[in-house]
Structure formats: C-alpha cells, structure tokens
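In: Below are the sequence and a predicted model; questions follow.
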Amino acid sequence: MADAAGQADIRGIDINKLVEGFAEEGVVLKNFCRVTKAGARELRWYQKTAGFLTGPTTTGITGTLISNTSSKSLPVAIEPTYTRNTSYIKKYFAESPLITYEDLKDSDPDIWADLIKDIARAVNYQVDSRIYTVMTSAGAQTAAATADGWDDTATGDPILDLTNAQQKIRAQGYNTSGAVLYINSIEYKNLLNWIISVKGSSIPSFSSEKVRSGVMMELLGLKVVVSENATTDQAVVFLPNKAVVWKEFMSLTSAVVDDPGIGKKVRVWAEGEAIRPNPNAVFVITDTVT
C-alpha cells in the first residue's frame, strides 16, 4: 500500500556507516622490547649470572680474596658463569572468513578495512600477551604490596612499593632511569586515587607520548603505561630494551587470499618469541588489590 507524508516507508533514515563498539586498546609492550632478528626457529641464548665477580672462598676466610692482596702474592682467578637456554619461535596466525564480492560491494560499513585492522590488532595483542607472560614469569624480582594493597587507602602505600621496586633493580647494578611501570586500569585507578584523594597531591601531568607509546604519565621517574593486557592485582616495573628481547623470525605480515568470482579474505601472521636475558631488570609487585 502506498504511504503518505510522514509514514514509515518513505521516511528518511540517517545511516551511520562508522562502526563502533570496540575500544582502541593500546598494544604497546613490544615498543619497550629490544627487537632483534631470529635466523632460525630454535633459539639458543645465554644468560650471565647476575652480580659482581668475586673470588672463591676457602676455609677460615670470610672476606673476598680480591681485596687486600699481599705483596708478591698471585692474583685470585675469577670469571663469569653462564646458563644456556633454548627457546622456540611461536607463530601467531589468524584470518577472516571468506567475504563475497557482493557483500564487499554493497555493505554499508567498510567491513574490509575493519577486517584488516582488527585481525592485525588481534595478532599484535597475542604477541603483547606473550611478552608480558615471559617478562613476569618465575625468576623476576618480586615482593607483595605494602599491607593490604593499593586499593586500601588506610594501609596501602603504592609510592613505597614503587620506590622499593626501583631500589631493588638498582641494587642489581642497573640504572633505573627511564624505567616503565606497566599496570592494569584497576591499578591505575587506585594509584591516582591514593595520590590525589588520600595524599591530596595535584593530578600528575599527563605525557605527550600517549599516542606513540601508550605512556599515560610520569611518576617518580617511571613512565606509567596502562593496558588491559596487564594482569590486575600486580604492577610491573621494568627497564625498556633491557628486560625482554623480542626475537623476530617474521614481522607482522598480511596477505589477501583471492578466490576469483567468489570473494576474498585477509590473512595475518607474525612469528617470534620473547626471551628475558635480564630477569633482575624486572620487579613484580603482587597483591596490589585486597
């Protein structure tokens, strides 16, 4: 039946072709790794024993044999020790379903652009997660947060926890200048609440590096990076380009798989593995949430 003015079939519709609903969560942890090429899928790498070299001890001698050596005595022999490790390259691989040419041609949203962008982000997200897992695995320095954690305004003390993390890394001989604090949005909320509401400090200045690197602000000389890839109930302080190395076998690559006359799909992959040659360049603060 024909419609008159104001009736549904002839009423105009404002169509929003910009699809929303997924936040642009930063995947930035790889930016803080030292990226080197891997020539093969099996990686052999060596980790030097941390600390200063010292002489062997003998019965009845408690001090170092390096110090206060008597005249005409032979020097004590000292040397570093190494641990050999083996890691294996991992492949991160995803693709879209086959999209027909008809669907690509007459769909209102730009589904092809969204496929390319979102599948690449999904692969990058898994790389980021792997780096985080390796960085925080057993062997890193760690300690529980003060008292009941950062969300307890009566007993928590995140500033003490952060300065303790810096001191522990510094005690291992590392320069902590430029260190990163990598936290979940929950820890970020509790940290700001403690600084502003509990201690009455002004709002920390936000960094201009946010778009490039994910740095939200600087606090105590730490670059604060907030990501949902970070596990809540812990905060990680680490030295960029020192703590973790990303061994890249194949960089992020995309390709279009074309089926003539039917449609096409996009395929994205990356290959690499994270290694942590400097575990003492990482400090994990646990139990940050009650």
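Out: Noted; the coordinates are in hand. Numbers count the residues shown, from 1 in each chain.

In: Show me where the stretch 1-150 of the chain has its strands.
Out: 34-37, 42-48, 82-88, 90-95, 99-100, 141-144 (DSSP state E, counting those that start in this stretch).

In: can you put the ones you listed in JSON lines and add distance to Val236?
Out: The way it works is simple: take the backbone N, C-alpha and C, and place the C-beta from them, glycine included. What follows is the strands of the stretch 1-150 of the chain, written out as JSON lines (distance: least, C-beta to C-beta, whole Å):
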{"stretch": "strand 34-37", "distance to Val236": "17"}
{"stretch": "strand 42-48", "distance to Val236": "19"}
{"stretch": "strand 82-88", "distance to Val236": "20"}
{"stretch": "strand 90-95", "distance to Val236": "21"}
{"stretch": "strand 99-100", "distance to Val236": "39"}
{"stretch": "strand 141-144", "distance to Val236": "10"}
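
In: Would you reformat the ones you listed as CSV and include mean neighbour count?
Out: What follows is those, written out as CSV (neighbours: other C-beta atoms under 10 Å):
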stretch, mean neighbour count
strand 34-37, 12
strand 42-48, 13
strand 82-88, 11
strand 90-95, 15
strand 99-100, 14
strand 141-144, 15
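
In: What ranges in the stretch 151-290 of the chain fall below the confidence cut-off?
Out: Applying pLDDT under 70 to the stretch 151-290 of the chain picks out residues 201-214.

In: Mind doing that once more with 90?
Out: Regions of the stretch 151-290 of the chain meeting the criterion pLDDT under 90 cover residues 153-154, 195-220, 228-229, 254, 290.

In: Beta-bridge partners for the residue lying closest to Val134 once chain neighbours are set aside, please?
Out: Counting by C-beta to C-beta, 6 or more residues apart in numbering, Ala274 is the residue found nearest to Val134 once chain neighbours are left out, at 4.0 Å. Per DSSP bridges, the residues bridged to Ala274 are Trp246.

In: Go ahead and confirm Ala274 touches Arg130.
Out: Yes - counting by C-beta atoms under 8 Å, Ala274 touches Arg130, with 5.5 Å between them.

In: Looking at these two now, which is surrounded by more residues?
Out: More crowded of Ala274 and Arg130, by other C-beta atoms under 10 Å: Ala274, with 24 against 19.

In: now that one: how far from Arg34?
Out: As judged by C-beta to C-beta, to the nearest Å, Ala274 and Arg34 stand 11 Å apart.

In: How about Glu248?
Out: Glu248 is 11 Å from Arg34, by C-beta to C-beta.

In: what about the helices in the chain?
Out: For the chain, the helices defined by DSSP state H cover 101-106, 111-135, 158-171, 185-193, 210-213.

In: In TSV, list these along with distance to Val284.
Out: Output for these, formatted as TSV (distance: least, C-beta to C-beta, whole Å):
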stretch	distance to Val284
helix 101-106	46
helix 111-135	9
helix 158-171	8
helix 185-193	12
helix 210-213	21
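
In: from those helices, which stretch is densest packed?
Out: The highest average neighbour count among the helices of the chain, using mean count of other C-beta atoms under 10 Å, belongs to helix 185-193 at a mean of 20.

In: Run the angle between it and helix 158-171 for me.
Out: Between helix 185-193 and helix 158-171, the angle comes out at 110 degrees (axes from the mean of the first three to the mean of the last three C-alpha atoms, to 10 degrees).

In: which outside residues touch helix 185-193?
Out: 149-151, 153, 156, 158, 183, 203-204, 216, 219, 224, 226, 228, 230, 232, 234-235, 288-289 (C-beta atoms under 8 Å, 6 or more residues apart in numbering).
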